[in-house]
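Q: Build me a structure from this.
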Amino acid sequence: MIPDPVATLFTNFRLLPLRQALRLPIILAWGSRLFGSKGSILIEGPVQLGMIRIGFGNVGIFPRRAAIIRNQGRIIFRGACHLGHGVRIENGGYLEFGNDFHVTAESRFWCSESMVFGNGVLISWDCLFMDTDGPHQIYINGIKQKKSVPVIIGDRVWIGCRVTCLKGSGIASDSVVGACSLVNSVHAETHVLLAGVPATVRRRSIRWTK
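A: Sure, this is the predicted structure:
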């Protein structure tokens, strides 16, 4: 996919401070959009040309669709970030991407309260991240449950394709999540392979590289 110069210029100068916008740190692929004049975008650390790429990539099993981000909350970029083609983000809370964050394609992020991704996170295609039950309300023994609970992903976490992370989930640093797994609780142990529905520890003392 090729860059969209109009959307790129509009996004940078509409949503960023002038000193950052002049460097054009956000580059959008053709047709991709970052909406949300009521929300805020913050880039922390050194600002470089094209450090945040939205809508690019080539995962051949999917058509190349535009990436759409709707931001009514706060998004923090702590360094380089790649949000691949077909990615959809709905943010009404606090959404943080660490440095060297990469999601390949067609994944979904629905942040209502708080969602934090550490440095060096790699996310495959067709994943879903939700920190909320949306408009629905759950009661257990007549007690009203919280609709939104933060999602926290540590540093250097590799998440395989078609993984779902629900509200209140957490993955410790240097971990791998197997394809098609469901993460619905906090996993505090590092250097593990998580897999299954729900995800449990399947291997320990692992390491992985990009």
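Q: List the contacts of the longest helix along the chain.
A: Of all the segments assigned as helix in the chain under DSSP state H, the longest by residue count is helix 5-15. With contact meaning C-beta atoms under 8 Å, 6 or more residues apart in numbering, helix 5-15 is reached by 20-21, 24-28, 32-34, 36-37, 40-41. (Glycine included, C-beta is placed from N, CA and C.)
Q: Which one (most neighbours) among the residues you listed?
A: Tallying neighbours with other C-beta atoms under 10 Å puts L28 at the head of the contacts of helix 5-15, with 28 neighbours.
Q: buried ones in stretch 6-14?
A: By neighbour count, and taking 16 or more other C-beta atoms under 10 Å as the criterion, the buried residues in stretch 6-14 are 7-8, 11-12.
Q: Show me what the helix or strand of the chain with the lowest mean pLDDT pairs with in its sheet, parallel or antiparallel.
A: Across the helices and strands of the chain, the lowest-confidence element by mean pLDDT, DSSP states H and E is strand 143-144, at a mean of 80. Paired strands of strand 143-144, with direction, are strand 139-140 (antiparallel) (DSSP bridges).
Q: residues in contact with G55?
A: With contact set as C-beta under 8 Å, 6+ apart, G55 has these partners: 1, 28-32, 66-67, 83-85, 87.
Q: cutoff 7 Å now
A: Listed by C-beta atoms under 7 Å, 6 or more residues apart in numbering, the contact set of G55 reads 1, 28-29, 32, 66-67, 85.
Q: likewise Y94?
A: Neighbour list for Y94: 73-74, 114 [criterion: C-beta under 7 Å, 6+ apart].
Q: Next one: it from P17, what distance?
A: Y94 sits 19 Å away from P17 when distances are taken as C-beta to C-beta, to the nearest Å.
Q: ok, now W110?
A: W110 is 28 Å from P17, where distance means C-beta to C-beta.
Q: Comparing these two, which shows the higher neighbour count?
A: For the pair W110 and P17, the greater number of neighbours falls to W110 (20 against 12), based on other C-beta under 10 Å.
Q: which SSE is the more buried one in?
A: Taking DSSP states H and E as the criterion, W110 maps to strand 108-111.
Q: List the contacts of that strand.
A: Counting by C-beta under 7 Å, 6+ apart, the neighbours of strand 108-111 from elsewhere in the structure are 73, 88-93, 95, 115, 128-132.
Q: Now do that strand: distance to the chain's middle.
A: From the chain centre to the centre of strand 108-111 is a distance of 7 Å (C-alpha atoms, centre = their mean, to the nearest Å).
Q: residues of it that come out buried?
A: Residues of strand 108-111 classed as buried by neighbour count (16+ other C-beta under 10 Å): 109-111.
Q: Check the average confidence over it, would you?
A: Mean per-residue pLDDT for strand 108-111: 98.
Q: and what of stretch 174-194?
A: The pLDDT scores in stretch 174-194 average 98.
Q: partners of whichever helix or strand comes after the least confident helix or strand of the chain, with directions?
A: Secondary structure here is assigned by DSSP H and E; on that basis, the next helix or strand after strand 143-144 toward the C-terminus is strand 151-153. Strand partners for strand 151-153, identified by DSSP bridges, are recorded as strand 114-117 (parallel), strand 170-171 (parallel).
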